[in-house]
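Novice: I would like the atomic coordinates for the input below:
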Amino acid sequence: MKTFEREFASWLGVKHAIACSSGSAAIHAAISAIDPEPGDEIVTTAITDMGALTPILYQGAIPVFADVDPRTCNVTADTIRPCLSERTRAIIITHLFGNPCDTGPILALAAERGLPVIEDAAQALGARWRNRRAGAIGRIGCFSLQQGKHITAGEGGVVVTDDDQLARRMFLFVNKAWGYGDKTPDHYFLALNCRMSELQGAVAVAQLPKLDDIVRRRIEMAVSLTEQIRDVPGVLPPLCAADAVHSYWRYCLRVTDGNAVGLAKALEPMGIASAPRYIRKPAFQCEVFAARRTFGKSQFPFTLARPEAVDYSPARFPGTFAALDAALVLPWNERYTAEHVCYIAQAIREAARCAQGN
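Specialist: The predicted structure is shown next:
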């Protein structure tokens with residue numbers, strides 16, 4: 001495990017990498033490191049895995065959901081700004097599908113307010129913004145090694161930083177806050193056992209040298225598909241900023257005629273799997289948020305929230321609903337060949353014609 005941490009930090013270009021049990025554990029360690037007070041707010045996105053949100057609640061903080069750019073499904077500085085308050089403690093940006101957020105304006109906004117930026121780069125191994133690897137841009141970066149990611153140890157995660165104090169706090173958090181190596185170790189604060197096993201670490205060490213080539217192949221084939229479907233009516237390929245590199249955990253189409261479900265059904269007989277919407281509904285419509293089902297019947301920490309922070313009225317999230325309505329997510333793999341990609345492009349072209357005819 002220590003070997004993997006050292007080699008991952010070197011690959012990413014950061015001082016500290018702490019291996020842990022999952023991507024969710026990485027987010028939890030990051031939230032613990034900034035140590036929010038109960039009722040503090042952390043701005044994030046509603047288009048993400050629940051494992052990136054529940055750690056905020058477990059640490060007594062309030063997730064405040066920013067809207068997204070419907071074209072990229074990512075938060076932006078403009079969508080984050082209205083969510084900030086005197087209680088805001090941090091900003092989490094999720095590089096969805098491997099497509100980096102428009103990070104520059106977000107970093108400028110965070111610096112203006114004195115807020116740390118936490119990157120959820122679970123889907124963005126190998127992605128870049130201005131020649132910096134995703135996850136090494138903000139104060140803390142979080143990664144997943146779950147079985148569906150670019151590389152995997154079956155399960156696992158990594159949390160990274162250049163900040164010595166944050167690294168110390170995150171190391172302690174994944175080790176039950178026990179000070180391994182200290183002269184008089186103790187359990188210094190409330191924390192969990194989120195360690196990565198040595199077996200997972202050994203698997204991860206073996207996978208890491210393959211990562212750059214995996215990302216290169218995914219990008220190469222994705223660029224080819226984009227060129228081949230650029231003129232298909234009603235379908236837009238992923239949009240990546242000119243100063244960023246998309247690493248294509250998934251390939252997300254935007255179906256502009258409102259018929260993503262129809263296009264998915266038309267692709268199915270051709271053997272092309274796809275997922276309309278990516279997730280069924282925004283996170284804030286799930287019961288943990290909508291019904292405030294947290295700790296017994298206490299509804300904590302929602303009982304400490306400002307009304308504006310937990311206002312989930314759909315009118316406040318036009319980009320989020322538009323993004324989900326138009327999203328059609330294709331699985332992606334570095335073993336796709338030019339022949340596979342040509343077939344996928346032809347299938348999309350034919351399916352678009354069929355879907356528009358229905």
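
Novice: how many residues are close by Pro318?
Specialist: For Pro318, the tally of surrounding residues (other CB atoms under 10 Å) stands at 12. For the C-beta atoms, the positions are set from N, CA and C on the backbone; glycine is no exception.

Novice: isn't it right up against Asp67?
Specialist: Yes: taking CB atoms under 8 Å as the definition, Pro318 is a contact partner of Asp67 at 6.8 Å.

Novice: residue contacts, the residue nearest to Gly39 when sequence neighbours are not counted?
Specialist: With sequence-adjacent residues excluded and distances taken as CB to CB, 6 or more residues apart in numbering, Gly39 is closest to Leu304, at 3.3 Å. Applying CB atoms under 8 Å, 6 or more residues apart in numbering to Leu304 gives the contacts Pro38, Gly39, Gly60, Ile62.

Novice: roughly how far does Val205 sit from Gln59?
Specialist: According to CB to CB, to the nearest Å, Val205 and Gln59 sit 31 Å apart.

Novice: with neighbour numbers in mind, choose between these two.
Specialist: A direct count of neighbours by other CB under 10 Å for Val205 and Gln59 places Gln59 higher, at 21 against 18.

Novice: tell me the contacts of the more buried one?
Specialist: Per CB under 8 Å, 6+ apart, neighbours of Gln59: His28, Ile31, Ser32, Pro36.

Novice: what do you get for Ala110?
Specialist: Contact partners of Ala110, counting by CB under 8 Å, 6+ apart, are Ile91, Pro116, Val117, Gly138.

Novice: again, but for Phe289
Specialist: Contacts of Phe289 (CB under 8 Å, 6+ apart): Pro63, Ala283, Val310, Tyr312.

Novice: and the buried ones among those residues, selectable in ChimeraX?
Specialist: With 16 or more other CB atoms under 10 Å as the criterion, this ChimeraX line picks the buried residues out of the contacts of Phe289:
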select :63,283,310
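
Novice: can you redo the contacts of Phe289 as a markdown table with pLDDT, distance to Arg87 and secondary structure?
Specialist: Converted to a markdown table, the contacts of Phe289 look like this (pLDDT from 0 to 100; distance: CB to CB, whole Å; DSSP: H, G, I helix; E, B strand; the rest coil):
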| residue | pLDDT | distance to Arg87 | secondary structure |
| --- | --- | --- | --- |
| Pro63 | 98 | 12 | strand |
| Ala283 | 98 | 20 | helix |
| Val310 | 97 | 12 | helix |
| Tyr312 | 97 | 18 | coil |
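
Novice: and the two most separated of the contacts of Phe289?
Specialist: Distance extremes for these: the farthest pair is Ala283 and Val310 at 12.4 Å, using CB to CB.

Novice: now do the helices in the chain.
Specialist: 2-12, 23-34, 54-58, 77-80, 103-113, 164-173, 198-207, 211-229, 260-267, 287-290, 318-326, 338-357 (DSSP state H).
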